[in-house]
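> Task: produce atomic coordinates for the following.
(chains A and B)
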Amino acid sequence: MPEIVMREAIKMGLEEALENDPNVLILGEDIGAYGGAYAVTDGFLKKFGPERIKDTPISEATFIGTGIGAASAGLRPIIELMSISFSLVGFDQIVNMAANLRYMSGGQIHVPMVIRAPTGAGVQLAATHSQSVETWLAEVPGLYCVCPSNPKDALGLLRTSIKSNNPVIFAEPALLYGLKGDVPEDYYEIPLGSASVSKEGKDITLLSYGAGMSVINDTEKILSSKNISAEIIDLRSLNPIDYKTIGKSIKKTNHLLALDTARKNGGIMGEVVSNIQEDFNDWLDGPIIRVGAKDVPWPYNKNLEGAAYPSAENIVNTILEKLIKV
Amino acid sequence: MVKEITMPSMGADMTEGTIVKWLKNEGDKISKGDKLAEIETDKTVVEMEAYNEGFLRKITSSEGSSVKVGNIIGYIGDMDDDIPETPTQNQSIETKVEEIKEVSEKNNISEEVLETIKTNTDNLSTNKSNQVDISINADSIRIKASPMAKRLAKEKNIELSNVIGTGPGGRISKDDVNNYIPGPTLVSSSDIVSSKNISLDDSNIPLNTMRQAIARVTVKSKTDIPHFQVIVEVDMTEAMKMREDINEDLENNGIKVSVNDLILKSTVNSLIKYPKWNSSFDGDKLISHSGVNLGIAIALEQGLIVPAILNAQNLDLISLAVKSKDLGNRAKGNGNPLSNEELTTGTFSTSNLGMFGTHSFTAIIVPPQSGIIALGVVKKEPKIINNEIQIRQIMFATMSADHRVGDGAEGAIFMNEFKQLLEKPSRLLL
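Numbering: from 1, shown residues only, chains lettered A, B, ... in the order given. Got it, this is the predicted structure:
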């Protein structure tokens, strides 16, 4: 299959689910007549009709709650949020309701619901539309939380997310909707909770997820020019976290750099490196380095936003200063 | 990186060796342990092993040439490494100066730790005004090593204090441990004779170079030097108690003061007070030495060596403890090999067989020194103090002295000072 962009891969996954399972429906703001804020659901209203492609009022609490009700009753709703920052007004529905219903009902009620939402900074959407709320949601037991970094993973993860009988937060890096990548023609799925080693190396493990992977790929190129061989791991799933894959890599490279494009303070990598240090201390040949965005409200100004966002050059300098002498 | 190949020392009395034959050619690939060359000392030919790997880049001393111990005879490195011009003596002196600089730079980094140790010693000391300046060896500082390096060192049984950290901030990394090479090992062409592999049969057992050197030195000593002995009984109870206190205080610094360190310190202080025993007999005169280079007899599998702690008069107890541990490690092949100076310029020696439970013994003086103290085990004994029987910790110390340098009375006075210092040990902290 030729290269496609991330937006098309997600669209493909949604379309496939709508075609194969009559219980699948999509709820969200401007997803029908307008075709979605990022045009992911463009043409769906015409193809699948207003019963299954439902434009909702501007109230996340309402339509997430509607989704939970529909899921409890046996449908498989997919919720689209215009920004993951808007999940904040529906937080009670997500965190208290969706995540806990199965547990509190003693397994009687399942919530097979996917909440898709663009996430992250880098596209000049300013402070209230640029947050990476998936790092907050990743803490909640009862919610799966995934975030793809390329079209192939987006399609594979979306398939398993829609099939899951539990609520899944499906965070889509806003910066990457136009990212091109190969997608296999044959059907495949990617299990929730699995990280991927996207490049093998021996000197240092570079770990990130979502939009961070672009920065990591650039970092790897610079390191490679300095004869440092980096192994790249894409976390893909923030809950659960695939410590097995990360640990295996640490045992090989003995160095770890973990990158969040979310704010460093409270980023998911804080959790990851803490557990790695606890379990793999004897394989670490230097401190674990964490890099994240600046702890500031995301600026709208392009230069300022760029300055708050982590850069490959800074990461390389940190590695050379603290970890590996060349 | 280019590594120098230097003329190894194969015994305390060896000052130079002759290269009989190079067993490798320039450009040959060298693995650790490969036989590099045959070296002739005045008695035996010994094969010298490589303790670095790479390629034999350059031979600077040709076959047949006689080279001083420690001087460069060739280089091992990668094929693309630059090889220094054939070194002159000056160049190798410059290298030494560089090395010393590096060590003192390391000391600067450890300023903070040094301060802690100083404070600790201040607390221990009752008379601060007489405090000797502390110069702490780089080994005594808290060792910065990655968790991985620590685990590897443990697995490989490597003392981390001997490994040089090349990571950021001088941190010891896994590579530093993996690349660590213990001091050069010398394997004689004849098998090493140790008490272990002598069986009961009729055969000639060839002696290694070290054994031959020991034979020469001891015969010379016993032939030339009229030995007399002075034996004192030392009550070590207070010294043992003080040592415990010091070690408790030093616990976090990774330094430990041993019983032998107290003995060394007492010996040095006694020599400072009675410097005659720090001199050498030379026909019609005594040659007195400005520094106390304190020899310590160290038993190795191959035999005995008596390397010295140089200028021990400048070291306080803790520095002395650090130095003696370092000397012992290096004598056993961990870390930099012992220098020629350490092997040959001792001015007075000690020999301790306490660890074998020996009650007491007499030792043979290492020429041209004028004395050696032989120490036995520290053992609990009933003693009468103020008409009461008390349990005290007793050690016997036997000085062998050169009668040409001094007489029995002088030996007795000297040994009494040695005894007093250990029995009222707070003076050892001054």
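> quick one: buried residues of the helix or strand encompassing B:L264?
For B:L264, the element it lies in under DSSP states H and E is helix B:259-273. For helix B:259-273, a neighbour-count test (16 or more other CB atoms under 10 Å in any protein chain shown) marks B:259-271 as buried. C-beta: built from backbone N, CA, C; applies to glycine.
> From B:N269, how far out is the closest residue to A:P167 other than its chain neighbours?
Once flanking residues are discounted, A:P167 sits nearest to A:A98: 4.2 Å by CB to CB, 6 or more residues apart in numbering or on different chains. Separation of A:A98 from B:N269 (CB to CB, to the nearest Å): 79 Å.
> just to revisit the earlier point, which secondary structure elements does the helix or strand following the helix holding B:L264 contact?
Per DSSP H and E, helix B:259-273 leads on to strand B:279-282 as the next helix or strand towards the C-terminus. If contacts are counted by 3 or more CB pairs under 8 Å, 6 or more residues apart in numbering or on different chains; DSSP states H and E, strand B:279-282 sits against strand B:285-288.
> which residues are contacting the strand it packs on?
Outside strand B:285-288, the residues that touch it by CB atoms under 8 Å, 6 or more residues apart in numbering or on different chains are B:275-276, B:278-281, B:368, B:405.
> switch to 7 Å and redo it
By CB atoms under 7 Å, 6 or more residues apart in numbering or on different chains, the surrounding residues in contact with strand B:285-288 are B:275, B:278-280, B:405.
> Also stretch A:301-313?
A:121-122, A:124, A:215, A:218-219, A:222, A:259, A:261, A:291-294, A:296, A:298-299.
> Narrow those to those in strands?
The members of those that map onto strands under DSSP state E are A:259, A:261, A:291-293.
> In PyMOL, how would I select the buried members of these?
The PyMOL command for the buried members of these (criterion: 16+ other CB under 10 Å) is given here:
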select buried, chain A and resi 259+261+291+292+293
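> Now the residue in the stretch 251-400 of chain B positioned nearest to chain A. Its backbone dihedrals?
Residue of the stretch 251-400 of chain B nearest chain A, by CB to the nearest CB: B:G254 (19.9 Å). For B:G254, the backbone dihedrals (degrees, to the nearest 10) come out as phi 70, psi 20.
> Flag every residue of the stretch 201-326 of chain A that's near chain B.
Counting by CB under 7 Å from any CB of the partner chain, the residues of the stretch 201-326 of chain A close to chain B are A:254, A:281-286, A:321-323, A:325.
> Could you check how far the helix or strand bottoming out on mean pLDDT in chain A is from the centre of its chain?
The weakest-scoring helix or strand in chain A, judged by mean pLDDT, DSSP states H and E, is helix A:312-322 (a mean of 92). Centroid displacement of helix A:312-322 relative to its chain, using CA atoms, centre = their mean, to the nearest Å, is 25 Å.
> just to revisit the earlier point, number of residues surrounding the residue of the stretch 251-400 of chain B closest to chain A?
Here the number of neighbours of B:G254 (other CB atoms under 10 Å in any protein chain shown) works out to 15.
> With B:V322 as the reference, measure out to it.
As defined by CB to CB, B:G254 lies at a distance of 10 Å from B:V322.
> now swap in B:E49 and tell me
Taken as CB to CB, the span from B:E49 to B:V322 is 30 Å.
> who's more crowded, those two?
B:V322 (27 against 16).
> from what I can see that one touches B:I255, true?
Yes - with contact defined as CB atoms under 7 Å, B:V322 counts as touching B:I255 (6.0 Å).
> Please go through chain B and pick out the longest strand.
Longest strand of chain B, by residue count under DSSP E: strand B:388-402.
> Tell me the strands beside that one, with direction?
Here strand B:388-402 is paired, per DSSP bridges, with strand B:227-235 (antiparallel), strand B:371-375 (antiparallel), strand B:379-385 (antiparallel).
> Over the first one, what's the mean pLDDT, rounded is fine.
Confidence for strand B:227-235, expressed as mean pLDDT, is 96.
> could you check the angle helix B:259-273 makes with it?
120 degrees (axes from the mean of the first three to the mean of the last three CA atoms, to 10 degrees).
> Same question for the last one.
Counting by the same axes, to 10 degrees, strand B:379-385 lies at 60 degrees to helix B:259-273.
> before we move on, the earlier item: which of the buried residues of helix B:259-273 lies closest to A:G36?
For the buried residues of helix B:259-273, the closest approach to A:G36 (CB to CB) belongs to B:D261, at 78.7 Å.
> State the distance from the closest one to B:E417.
For B:D261, the distance to B:E417 (CB to CB) stands at 18 Å.
> For burial, what's the neighbour tally of A:W136?
A:W136 has 19 nearby residues by other CB under 10 Å.
> In terms of helix, strand or coil, where does B:D201 fall?
coil (DSSP: H, G, I helix; E, B strand; the rest coil).
> can you give me the strands in chain A?
Using DSSP E, strands in chain A cover A:4-5, A:24-28, A:53-55, A:76-80, A:114-119, A:144-146, A:168-173, A:180-181, A:196-199, A:204-208, A:230-234, A:237-239, A:256-263, A:289-293.
> whoops, I mixed them up, the stretch 101-250 of chain B
Secondary structure of the stretch 101-250 of chain B by DSSP state E, counting those that start in this stretch: the strands cover B:186-188, B:227-235.
> quick one on the thing from earlier: nearest to B:E16 among the strands paired with strand B:388-402 would be which one?
Counting by CB to CB, B:E16 lies closest to strand B:371-375 out of the strands paired with strand B:388-402; the figure is 26.5 Å.
> Convert the C-alpha atoms of that closest one to PDB, please.
Extracted in PDB, the C-alpha atoms of strand B:371-375 (Å, rounded to 0.1, in the frame of the first residue of the first chain):
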ATOM      1  CA  GLY B 371      66.100  -1.800  61.200                       C
ATOM      2  CA  ILE B 372      62.800  -3.700  60.800                       C
ATOM      3  CA  ILE B 373      60.000  -4.300  63.300                       C
ATOM      4  CA  ALA B 374      58.400  -7.700  63.300                       C
ATOM      5  CA  LEU B 375      54.900  -7.800  64.700                       C
END
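> Let's test this: mean pLDDT of that strand, rounded?
96.
> what's the burial count for the residue of the stretch 51-200 of chain A found nearest chain B?
Residue nearest to chain B within the stretch 51-200 of chain A (CB to the nearest CB): A:E200, separated by 19.1 Å. By other CB under 10 Å, 12 other residues sit near A:E200.
> Make sure it is actually in contact with A:E231.
Yes - using CB under 7 Å, A:E200 makes contact with A:E231 at a distance of 5.5 Å.
> can you list the residues of chain B near chain A?
Counting by CB under 7 Å from any CB, chain B sits next to chain A at B:146-149, B:151, B:166-168, B:171, B:173-174.
> which other residues reach stretch B:62-72?
If you take CB under 7 Å, 6+ apart as the criterion, stretch B:62-72 is touched by B:4-7, B:9, B:14-22, B:60-61, B:73, B:87, B:92, B:339-340.
> among these, which ones are buried?
Neighbour counting with 16+ other CB under 10 Å marks B:4-7, B:9, B:14-19, B:22, B:60-61, B:73, B:87, B:92, B:339-340 as buried within the contacts of stretch B:62-72.
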